[in-house]
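> here is my input, please return the structure:
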Amino acid sequence: SNLSSAQLPTCEPTHVDHHPMSLSTSSRAIIDATAPTVASNIDSIVTVFYKKLLTENPSLKAFFNLTNQKESRQPAALAHGVCAAVQHLDNLSAIKSELLIMSHKHCALGVQPEHYKFVHDTFLAATAEVLGDAVTSEVATAWSEVLMLVAKALIELEKDIYDAAEKRKGGWRGIKDFSIIKIREESENVRSLWFAPKDGSSGPDFTPGQFITVCENPTNEDEFSPRHYTISSDTELRISVKRIQKEGQPDGIMSSYLHSLEVGDTVRLRAPFGTATHARYFPEPASTINPGPTSRPTHVFVAAASASLLCGRWLPSLWRRATRCWCSTPTARRSRAGTPWRRSCRSWSSKARAQCT
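I've put the predicted structure just below:
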């Protein structure tokens, strides 16, 4: 028969020092033997996991965007995370970039060490429910070690991220009140909003590409998950919000709310977080195509790049790559204008480099 909740291992993630630094030899063997079974049933496990987690702990709905739940984006992300962690249990540093992305999202939502107990206990219960008799007490103990090992890594990362966000110029921990100081209607369904601390303190320092979290609840529900918005300026605390409107579907709750606000209104925000910075995604010459509001991060990346980087490598390379791509097409080769076009492209690339130096 299935192990009852009372028979499953529990953990207290607040005591990070008590978590295992590595798997025990016996647990390692059990994980190696059972990982394929868990992996083949991971979709069912995470589905049961979220249903149990949010039903038994409704206050945790504040951490989960229900739209992502309905569209299976959140369960898919968890399934991927579990499989990646199991594959790198002996060296979690190999997936540090993935853990950092997860940790920044957790910090933006206000996740605390004590919340990991709910995840640990519910994941084991969901696994036991789906796999049945295959989850013996030994198997449950081994997977408990896995969960606590990953929790330890995340808790330690998140402590450092919280501390860094608080220590930055204008930084803070938790939720802070901001006033809307400016609004600009970019189009019929896109508007930009500028924020300033309501207490008169200086605005927060941030890395271009990071996001802020709007912690408002425009609904009648007791719990509503915050929403993240990329900062759409490299110097000012500004976001650009598209009102979500789809035929036959409800309008976006938070986007509609932000479109209803006026200058002087108060909005509760968490500090900037996120790893999607220009240094990470554009270390080498690159070109991007971004429609609508999604072009904002690209504008921020370009503005944040130093003049020497932008003019020394990016622009000339972008010109060369773009013109080379077109001139290599059959149309260009057949065209009489092909050769003059190439000469013009080379000339423009040289001019761009000259103007930047």
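
> what ranges do the helices span in the stretch 201-350 of the chain?
Under the criterion DSSP state H, counting those that start in this stretch, helices of the stretch 201-350 of the chain are mapped to 253-260, 278-281, 296-304, 307-309, 315-327, 330-334, 338-356.

> let me see the mean pLDDT of the fourth one.
The predicted model gives helix 307-309 an average pLDDT of 43.

> cool, and the longest one?
Mean pLDDT, computed over helix 338-356, is 41.

> please enumerate the strands of the chain.
Using DSSP state E, the strands of the chain run over 175-185, 190-197, 211-214, 227-230, 238-242, 266-273.

> of all these, which one is nearest Lys96?
strand 266-273 (16.2 Å; Cβ to Cβ). To be clear about C-beta, it is placed using only N, CA and C from the backbone, and glycine gets the same treatment.

> where in the chain is pLDDT low?
Residues of the chain meeting the criterion pLDDT under 70: 1-7, 11-21, 69-72, 278-357.

> buried ones in the longest helix seen in it?
In the chain, assigned by DSSP state H, the helix with the most residues is helix 137-167. For helix 137-167, the neighbour count (16 or more other Cβ atoms under 10 Å) marks 139-155, 157-158, 161-162, 165 as buried.

> same check on stretch 234-242?
234, 237-242.

> end to end, how far does it reach?
19 Å (Cα to Cα, to the nearest Å).

> who's in contact with Trp143?
Trp143 is in contact with 31, 34, 38, 123-124, 127, 135, counting by Cβ atoms under 8 Å, 6 or more residues apart in numbering.

> now tabulate these in TSV and tack on neighbour count.
Converted to TSV, these look like this (neighbours: other Cβ atoms under 10 Å):
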residue	neighbour count
Ile31	18
Thr34	20
Val38	21
Phe123	23
Leu124	24
Thr127	29
Val135	23
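
> follow-up on the earlier one: quick one: the longest helix of the chain to chain centroid distance?
18 Å (Cα atoms, centre = their mean, to the nearest Å).

> hey, C-alpha coordinates of stretch 190-206 in PDB?
Taking C-alpha atoms only, stretch 190-206 is exported to PDB below (Å, rounded to 0.1, in the frame of the first residue of the first chain):
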ATOM      1  CA  VAL A 190       0.900  49.900 -24.600                       C
ATOM      2  CA  ARG A 191       1.800  52.400 -21.900                       C
ATOM      3  CA  SER A 192       5.000  53.200 -20.000                       C
ATOM      4  CA  LEU A 193       5.000  54.000 -16.300                       C
ATOM      5  CA  TRP A 194       7.700  55.700 -14.300                       C
ATOM      6  CA  PHE A 195       8.100  55.100 -10.600                       C
ATOM      7  CA  ALA A 196       9.800  56.900  -7.700                       C
ATOM      8  CA  PRO A 197      10.000  55.800  -4.000                       C
ATOM      9  CA  LYS A 198       7.100  57.300  -2.100                       C
ATOM     10  CA  ASP A 199       9.400  58.000   0.900                       C
ATOM     11  CA  GLY A 200      11.500  60.400  -1.100                       C
ATOM     12  CA  SER A 201      14.600  58.100  -1.100                       C
ATOM     13  CA  SER A 202      16.700  57.700  -4.200                       C
ATOM     14  CA  GLY A 203      15.600  55.300  -6.900                       C
ATOM     15  CA  PRO A 204      17.100  51.800  -7.000                       C
ATOM     16  CA  ASP A 205      20.200  50.800  -8.800                       C
ATOM     17  CA  PHE A 206      19.700  48.000 -11.200                       C
END
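
> residues in contact with that stretch?
Defining contact as Cβ under 8 Å, 6+ apart, one finds that stretch 190-206 is touched by 168-172, 176-186, 212, 231-232, 236-243, 258-259, 261, 266-267, 269, 271-272, 292-293.

> list the buried residues of that stretch.
190-197, 203-204, 206.

> now the two most distant members of the residues you listed.
Pairwise distances among the buried residues of stretch 190-206 were taken by Cβ to Cβ; the largest, 25.0 Å, belongs to Val190 and Pro197.

> nearest spatial neighbour of Gln245, skipping sequence neighbours?
In this structure, Gln245 finds its nearest non-sequential neighbour in Asp251, 5.3 Å apart by Cβ to Cβ, 6 or more residues apart in numbering.

> swap that for Glu166, please
Glu166 sits nearest to Arg173 (Cβ to Cβ, 6+ apart), 4.5 Å away.

> wait, that neighbour sits on Ile161?
No. Counting by Cβ atoms under 8 Å, Arg173 stays clear of Ile161, with 10.8 Å between them.

> list the contacts for the nearest residue to Glu138 once chain neighbours are set aside?
Ranked by Cβ to Cβ, 6+ apart and with sequence neighbours excluded, the top spatial neighbour of Glu138 is Ile30, at 6.1 Å. Residues in contact with Ile30 (Cβ under 8 Å, 6+ apart) are 138-139, 142.

> just Val241 next, same as before
The contact partners of Val241, taken as Cβ under 8 Å, 6+ apart, are 190-193, 229, 255, 258-259, 293.

> now with 10 Å?
Counting by Cβ atoms under 10 Å, 6 or more residues apart in numbering, Val241 touches 186, 189-193, 214, 227, 229, 232, 252, 254-259, 261, 293.

> equivalent analysis for Ile239, please.
By Cβ under 10 Å, 6+ apart, the neighbours of Ile239 are 191-195, 211-212, 214, 227-233, 258, 267, 269, 293, 296.

> if we can go back for a sec, the residue nearest to Glu166 contacts Phe273, correct?
No. Contact criterion Cβ atoms under 10 Å: Arg173 and Phe273 do not qualify, at 11.8 Å.
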